[in-house]
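# any chance you could fold what I've pasted below:
(chains A and B)
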Amino acid sequence: MMQDTGYKIQDKDMHHASGIMHQRTITVAVAGNPNSGKSTLINAIAGTRLYVGNWPGVTVEKKSASFEYEGTNIKLVDLPGTYSLSPYTQEEIIARNYLVHEKPDAIINVVDATNLERNLYLTVQLLELGIPVVMALNIHDEALSKGYKIDIKTMEDILGIKVIPTVATKKTGLSDLLMAVTASTSGHNPKKLNYGSDIEVAASAVEKQIKNNYPQLLEKYPLRWLVFKLMEEDSHVMEELNIGDSVSFIEETTKHLKKAHGDDVESIMADERYALASGLTHEVLKKPEFRKMELTEKIDKIVLNRFLGIPIFLAAMWVVFKLTFDFSAPFADWIDAMTTGPFKRWAEAILGFIHAPAWTASLATDGIIAGVGFVLVFVPVIFAMMFFITFLEGSGYMARAAFVMDRAMHAIGLHGKSFIPMLLGFGCNVPAVYATRVLENPRDKALTSLLIPLMSCGARLPVYVVFIGAFFTAYAGTVLWSLYVMGIALAVLMGIIFKRTLFKGESPMFIMELPPYRMPSFRSLMIHTWEKGKHFLIKAGTYILAVSILVWFLLNLPWGIENKKDSYLGKMGQVIAPVLAPVGFGNWEAASSLVSGLIAKEIVVSTMGEIYVQKKDEKKEQPALTDDLKEMGTSFANAVKDSASNVISTFGIASLSSEESKEEKEERSPLRDVIKSKFTPLSAYAFITFVLLYMPCVVVAIAMRQEFGTWKWFGIAFAYQMALAWIVAFAIYQGGKLLGLG
Amino acid sequence: MNLADLKPGEHGKITKMGALGSLKRRLMDMGVLVGEDIKVEKVAPLGDPIEVTIKNYNLSLRKKEAQGIEVEVIS
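Coordinates of the predicted model:
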């Protein structure tokens, strides 16, 4: 496939070698409907040159790439997928502002050939901007196999632009497309489409007014676009122009138009644009007379079936959940074993060799290496989650999932798509927060992120297990189950409360395309997964490392303390303890453990272990490089094996790894004995409830910061969860005492 | 009669885009226009939202949103 397209992008160096010095640089914006295969097209063109960032000030992804093609430097900027350029969604505003203010040299308009009419509606709007447009008539193979005949020549003539058939998934037509793009910038601007005499008469009147009275606007805005926006009384443009009341001439000129059509100008214009799109479609598209039932319809008959829809959805979600966490867990364990094992030993050996003071060794191993390990442990799960989410979105099932679940999720003020991030929260809240990017609306995203921490994640399980093992062995399952249910019930309650307070007002609309099912290209999946994962590693990694070092300081300073009570952490625990007295565990040990849970909730257990149980003298292991390297190799091979067998067993028997290994049981038994003497069953239950609910861990905080660009939402989550944890634990403890359970 | 009244499998012609506020423009951008043929395909398993076919593609919307779209049934 690649050979016959002749598609090739030269490396910069090659060109310099060939002596071409003066190169033209052009900026090309890529615009198109969602599901038009736009991302696949960009991935196919730019590949690993792709840079993924955010649009300034918002959390919408911005992809760009710079490369050289036939002596021209091309800078591609991917605009968010939109159906229109009207300023009603964040995506539309971004796309429109970029096109109007940044004035790219050309636009690639990606059009889904199987859905011409609706896609051409955007094309018509792009042509209003007066920027050269080249159409990538994408998914052309599917249109052909459906028996569609598209008259490309006529389409080019009517629109006055180049139309290039492409199949992004097979990299077909890309070379022609780039060639047309570079040629378009030196050609003439696209044709003006005729919007019918009513509109055109009014438009030329407005145009004359602008030319006479506001000539300064002509430099800033494309004329025809400006005329139309003024006629539509577009609030964003009106505000930007700041010409306020002096625009009464517009009302004057559009009065006749409104009267004749009995509607507002915005609607008249939308109607006309669609009329142009459908007129063009009728002109160029020939469809076979008999339409056979399509695959998408067949699948949807089952997948969206009244009775089967929900079971199928739940089964699909279960598979995704299991695959995400089962696939990644062995690799996470391996990374953990490596950083706490060989790496730590080597660092100790090196620092010992150069006679570094003890505290530096501790900082290097328990602070820095442990911190790096802590970041790396998240990598497999983040990558796995990104992979499956991208697959769900790319295949078209995400929209179905939203369709099936919307009713239930809407009841607590959420969107149908919120279900998936919430579900992932049971595995780990961190990828769950990142997964909220499947939601388009900022409000949905924020509310979902606020509720995710109430989903009891895997890191809380060790805490439950230790306490349940100490007090509730007889009915362990019921107690564990009650915690999960409590989290969900409180999420429902908080959802309803937030909906009425923080997010008061109209809930966002649910107007969503159900795109045809398509197999996402593997290349595209890998690029997306890699780009998003890399983002996490760099941005979040830095923060996590910093916090991890900070916690080391808290735990170990002042240096040389005998008793953990004298550490900064212990002192913090002593300060906080009285606040926790009414909820049943007002001692510094419990309080300090909770503070250390800031890093990750399972650390509550290890801190308790350090505080309560006197450490036996550990035998110093002598590092042996060859043994360590061998161990790293074999344990990685084991991780691969475990991961594979986990994935296979996903389809067998469920195995939520809630059971402790034998070693863990032995290791924790002294801790259990101490806990039994320090807690009552009632205060123990209050404690694990508190652990379930109190504040999200620091990595969740960083994920929220990264996704929203502000600490605001983490701040709210922190505050409400602290309050909620205290209130619920208080109710349990005091209520239990009243009932005589304490 | 409005779009929410149509049963799965029924066709309608849009006669009026009612009091929809900012939804109206959004729906128009998606091709939901007066005079357009629209067919209700499915109702979600929990009773809401609904799936319709319009302009040769599938769109889903909540019943509350569909109530603002006036239709007449085509048999």
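
# just the CA atoms of stretch A:564-573, as PDB, please.
What follows is stretch A:564-573, C-alpha atoms only, in PDB (Å, rounded to 0.1, in the frame of the first residue of the first chain):
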ATOM      1  CA  LYS A 564       8.500   8.200  65.000                       C
ATOM      2  CA  LYS A 565       6.400  10.300  67.400                       C
ATOM      3  CA  ASP A 566       9.200  12.900  67.200                       C
ATOM      4  CA  SER A 567       9.200  13.100  63.400                       C
ATOM      5  CA  TYR A 568       7.400  15.900  61.700                       C
ATOM      6  CA  LEU A 569       4.800  13.400  60.600                       C
ATOM      7  CA  GLY A 570       4.400  12.200  64.200                       C
ATOM      8  CA  LYS A 571       4.000  15.800  65.400                       C
ATOM      9  CA  MET A 572       1.400  16.400  62.700                       C
ATOM     10  CA  GLY A 573      -0.400  13.300  64.000                       C
END
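
# might you list the low-confidence residue ranges for chain B?
Counting by pLDDT under 70, chain B contains low-confidence ranges at B:19-20.

# mind listing the helices for it?
Ranges of helices within chain B are B:22-29, B:63-66, based on DSSP state H.

# residues of the last one that come out buried?
The reference is to helix B:63-66. For helix B:63-66, burial by neighbour count (16 or more other C-beta atoms under 10 Å in any protein chain shown) applies to B:K63, B:E65, B:A66. No exception for glycine: its C-beta is placed from N, CA and C like everyone else's.

# hmm, back to that, which one of the helices of chain B lies nearest to chain A?
Of all the helices of chain B, helix B:22-29 sits nearest to chain A, with 3.8 Å by C-beta to the nearest C-beta.

# show me what that closest one is packed against.
helix A:265-284, strand B:11-17 (3 or more C-beta pairs under 8 Å, 6 or more residues apart in numbering or on different chains; DSSP states H and E).

# list the buried residues in it.
B:L23, B:K24, B:R25, B:R26, B:L27, B:M28, B:D29.

# follow-up on the earlier one: okay, the helices of chain B in CSV with distance to A:A459 next?
As requested, the helices of chain B are exported to CSV (distance: least, C-beta to C-beta, whole Å):
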stretch, distance to A:A459
helix B:22-29, 41
helix B:63-66, 39
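
# quick check: mean pLDDT of stretch A:436-445?
Mean pLDDT, stretch A:436-445: 88.

# list the contacts of the helix or strand harbouring A:R224.
Per DSSP states H and E: A:R224 is located in helix A:223-231. Here helix A:223-231 makes contact (C-beta atoms under 8 Å, 6 or more residues apart in numbering or on different chains) with A:100, A:128-130, A:192, A:199, A:202-203, A:206-207, A:210, A:217, A:237-238, A:247, A:250, A:253-254, A:257, A:265, A:269.

# those residues: which ones sit near chain B?
The subset of these within reach of chain B, by C-beta under 8 Å from any C-beta of the partner chain, is empty.

# does A:N646 touch A:A332 like I think?
No - look at A:N646 against A:A332 with C-beta atoms under 8 Å: they stay out of range, at 11.8 Å.

# show the contacting residues for A:G187.
Contacts of A:G187 by C-beta under 8 Å, 6+ apart are A:P132.

# so is it in a helix, a strand, or just coil?
coil (DSSP: H, G, I helix; E, B strand; the rest coil).

# per-residue pLDDT, it?
Reported pLDDT for A:G187: 70.

# and whichever helix in chain A runs longest, what does it pack onto?
Assignment by DSSP H gives helix A:309-340 as the longest helix of chain A. Applying 3+ C-beta pairs under 8 Å, 6+ apart, one finds that helix A:309-340 makes contact with helix A:295-303, helix A:370-395, helix A:397-411, helix A:419-424, helix A:625-650.

# and the gap between A:T710 and A:M695?
18 Å (C-beta to C-beta, to the nearest Å).

# ok, these two, which is more surrounded?
Under the neighbour definition other C-beta atoms under 10 Å in any protein chain shown, A:T710 and A:M695 were set side by side, and A:M695 has more, 20 against 11.

# can you show me the strands along chain B?
B:11-17, B:37-43, B:50-54, B:57-61, B:69-74 (DSSP state E).

# which of the ones you listed sits closest to A:I26?
strand B:57-61 (33.1 Å; C-beta to C-beta).

# what sits up against the closest one?
A:115, A:118, A:296, A:399, A:402-403, A:509-515, B:27, B:30-32, B:41, B:44, B:49-53.

# tell me the residues of chain B that contact chain A?
B:17, B:22-31, B:33-34, B:42-49, B:51, B:55-62, B:65.

# identify the residues contacting A:G396.
Counted by C-beta under 8 Å, 6+ apart, A:G396 has contacts A:N35, A:T296, A:L514, A:P515, A:P516, A:Y517, A:R518.

# tell me where chain A has strands.
Under DSSP E, chain A gives strands at A:24-32, A:51-54, A:61-69, A:72-78, A:106-112, A:133-138, A:149-150, A:162-165, A:285-286, A:512-513.

# worst mean pLDDT among those?
Minimum mean pLDDT among those: strand A:51-54, a mean of 77.

# quickly run through the sheet partners of that one, with directions.
Paired neighbours of strand A:51-54 in the sheet (DSSP bridges): strand A:61-69 (antiparallel).

# pull out the buried positions in the strand it pairs with.
In strand A:61-69, counting by 16+ other C-beta under 10 Å, buried: A:E61, A:K62, A:K63, A:S64, A:A65, A:F67, A:E68, A:Y69.

# could I get the helices and strands packed on helix A:309-340 in a markdown table, plus columns for distance to A:P681 and mean pLDDT?
Converted to a markdown table, these look like this (distance: least, C-beta to C-beta, whole Å; pLDDT from 0 to 100):
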| stretch | distance to A:P681 | mean pLDDT |
| --- | --- | --- |
| helix A:295-303 | 47 | 93 |
| helix A:370-395 | 33 | 84 |
| helix A:397-411 | 35 | 93 |
| helix A:419-424 | 31 | 90 |
| helix A:625-650 | 35 | 76 |
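
# noted, bye for now.
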